[in-house]
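S.K.: Here's a sequence, model it:
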Amino acid sequence: MFDSQNNNKGGYNVGEKPERANSLEVNQYNMKYFMSGPIDNVANAGTTYLDIEWTNQHGCGDGDLNCQIILQYMCEEHKQEQIGSTTVVNRKRNGERESINPYRPHRPFVNKAQKDNEERRHASHRFFGLNEPWSWYDKCTKRHRNHGLFVADQKLRSHASIYTRQNPNGNRYGYECPEERDYYPYWHPTDWIDIAVLVDKKADCAYYNAESFNVKPKGECMQKYPGQTRYYKHDSIYNNKFDCESHGGEWINYHNYLEEAPEHTNQASCEQAKYKWVFAYRSDKFDKDENSIKKKCVVPLKAPECLEAPYSRSNHLGNGAGITPLTYRWKLPHFPYKKPQRCFLRIRYNISTNDPKDRIKTDPTVKFLNKLPLQLAINTAQFGRTFQDRSHMFILEHRTNVIPNDLNIYNVNIRGKRGNIVQAFPAVEYDFVPKRLNITTKDAVNLQWTGSNHNPTGNAGEGDRGTDKNNFVEMNYAPYSLPVPFSSDMLKSAQVIHNNAGGSKIYKDIEASLASSGYYKTALEKVRKSSNPRFKLNGQLNNASPSFPGMILKWANPATYYYMCTRNNNFTNRSQKGRLIIRNQSG
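M.R.: Model prediction:
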């Protein structure tokens, strides 16, 4: 689905619901996060926070190179009944197979029906994962690349945007466009929404804030099918206004947006609602207009947050300063129309140097002290390079009536995969995310995790081979490896705001559910099933689901709590422990 540049190593399997391996899309588990509330003020009341962690091999912030880390997301309305469908074109999904999406070169389409038929053939099957739609890549194969970019001595095979210095042979990865992948900010519209840009020089923030597609419209050449006046094509070879209009096209400055506001059908109504009346861009929709390109009312976006990137050293896929993971705390968006969204996250890591461009050649021999010939190791396809990773599909849900709009929610999840430190690398072993969380008595925590039954069977770990299983039990103190023997003070003192895992809000039921990864919904069910060996929970959670749908908890009094996973916490091999610190909130 995308070019990671990670040597085909690392990554995590898609989450699953059943206790045994099953690759069908209907059995995948999608992490579900509640949107932030509608309140937007200095205090950030009603914000939902999600910690994003990563590693970057070549460092950032140490002065050895130029670097930027760009975090983005894309969403569409989520309809549960579409899961597993083979008829919904361009439905965003994880897919069921690891093979690449189908694509075949074709002659120029003579009408829209030809284009729609080709798209339907390639972009509707659940077997293949999909982020960008088929039309996005197909357009990329036609549009001329930016010839003003530095290509060094790389011989790009053609003029289309699928050919870049980093991708000179035009290799395909899913339906992403290589030119858009390799360069930020991009000069044409895209489906990605900017979250944050993390830079090595804070002075660069003014540029990135101004150029983000969140706030700056980007141009696209719109042309109609030959000899027709009704439908627009989804593609054009022209990449600039002059060439576009010189060949009879319309250069449209499109805007990015959060979601449409369809009840506002004119500019005055739209602007009165504090929305924007613009040419709105989504690559699977923008060619749907007939006769003329039409404006619509949309919920606008803000410029991305721009911060200094967390310090990390070169040649190290590990923690940063303070021996903590490289982390960005994302404030999840609020979609005012309250429609659930299926989303994907993308993170890119761009690096470059300040070397004179005219001296950058493949493995050149240079003279040191004007007489000693020395050969440098330079691959110009990677001299200035973009790395990338993406998430599996996750769901953003609006807050139900029992979740106050002004409540801050911090997500506590589980990271890692089965295997020892060598087998899992460059991914990581199991742990809680965040490992230590500081909140106040006015905040809440959403506990949720996912795992897979498709790990390599030879990877080290507890329980059945190849499986991820987790649970959540309280400990008395951090250095312990034993859970509390009787009831959990942590859960006994918690207010259950929402229980997405089923069952009641009684603390004994919550204890049973979290300790069994949802296998028991209530304490009574635990008693009943435990009396029958056929239905009893396996002590290593082998018959429990690898995924837990979550619950939101809140505490009224300050305290510090410690917790662990009984299956994976294996002293001297791996640790899976967490800590929650709750302090008073004044005011």
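S.K.: all contacts plus neighbour counts: C-alpha atoms, from now on.
M.R.: Fine.
S.K.: domains of this protein?
M.R.: 40-355, 407-583 (automatic domain parsing).
S.K.: looking at these, which is buried most?
M.R.: The highest mean neighbour count among the domains of the chain, using mean count of other C-alpha atoms under 10 Å, belongs to domain 407-583: a mean of 19.
S.K.: first vs last residue of that one, how far apart are they?
M.R.: As for domain 407-583, its first-to-last residue distance stands at 16 Å under the measure C-alpha to C-alpha, to the nearest Å.
S.K.: got it, and stretch 364-374?
M.R.: Distance across stretch 364-374, first residue to last, is 8 Å (C-alpha to C-alpha).
S.K.: do you know which of the domains of the chain lies nearest residue 376?
M.R.: Residue 376 lies closest, by C-alpha to C-alpha, to one member of the domains of the chain: domain 40-355, at 13.0 Å.
S.K.: re earlier: out of the domains of the chain, which is closest to residue 391?
M.R.: Checked against C-alpha to C-alpha, the stretch from those lying closest is domain 40-355, at 5.2 Å.
S.K.: which element is residue 194 on?
M.R.: strand 193-199 (DSSP states H and E).
S.K.: List of residues touching that strand?
M.R.: 67-74, 205, 208, 212-214, 256-257, 303-310, 330 (C-alpha atoms under 8 Å, 6 or more residues apart in numbering).
S.K.: give me the low-pLDDT residue ranges for this protein?
M.R.: Low-confidence segments of the chain (pLDDT under 70): 40-43, 586-587.
S.K.: and residue 180, helix, strand or coil?
M.R.: Assigned state for residue 180: helix (three-state reduction, DSSP: H, G, I helix; E, B strand; the rest coil).
S.K.: OK, contacts around it?
M.R.: If you count contacts by C-alpha under 8 Å, 6+ apart, residue 180 has them with residue 186.
S.K.: Distance check, it against residue 381.
M.R.: From residue 180 over to residue 381 the distance is 16 Å, taken as C-alpha to C-alpha.
S.K.: swap in residue 155?
M.R.: From residue 155 to residue 381 the distance is 10 Å (C-alpha to C-alpha).
S.K.: quick one: common contacting residues for those two?
M.R.: Taking C-alpha under 8 Å, 6+ apart as the contact rule, residue 155 and residue 381 both touch residue 168.
S.K.: got a list of what the closest residue to residue 338 other than its chain neighbours touches?
M.R.: Counting by C-alpha to C-alpha, 6 or more residues apart in numbering, residue 398 is the residue found nearest to residue 338 once chain neighbours are left out, at 5.2 Å. The contact partners of residue 398, by C-alpha under 8 Å, 6+ apart, come to 34, 35, 36, 334, 335, 338, 339, 340.
S.K.: again, but for residue 92
M.R.: Residue 92 makes contacts with 76, 129, 130, 131, 132, 342, 343, as judged by C-alpha under 8 Å, 6+ apart.
S.K.: Put together CSV for the residues you listed, with secondary structure and distance to residue 510 on each row.
M.R.: Listed next are the contacts of residue 92 as CSV, based on DSSP: H, G, I helix; E, B strand; the rest coil; distance: C-alpha to C-alpha, whole Å:
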residue, secondary structure, distance to residue 510
76, strand, 33
129, coil, 35
130, strand, 36
131, coil, 36
132, coil, 40
342, strand, 28
343, strand, 29
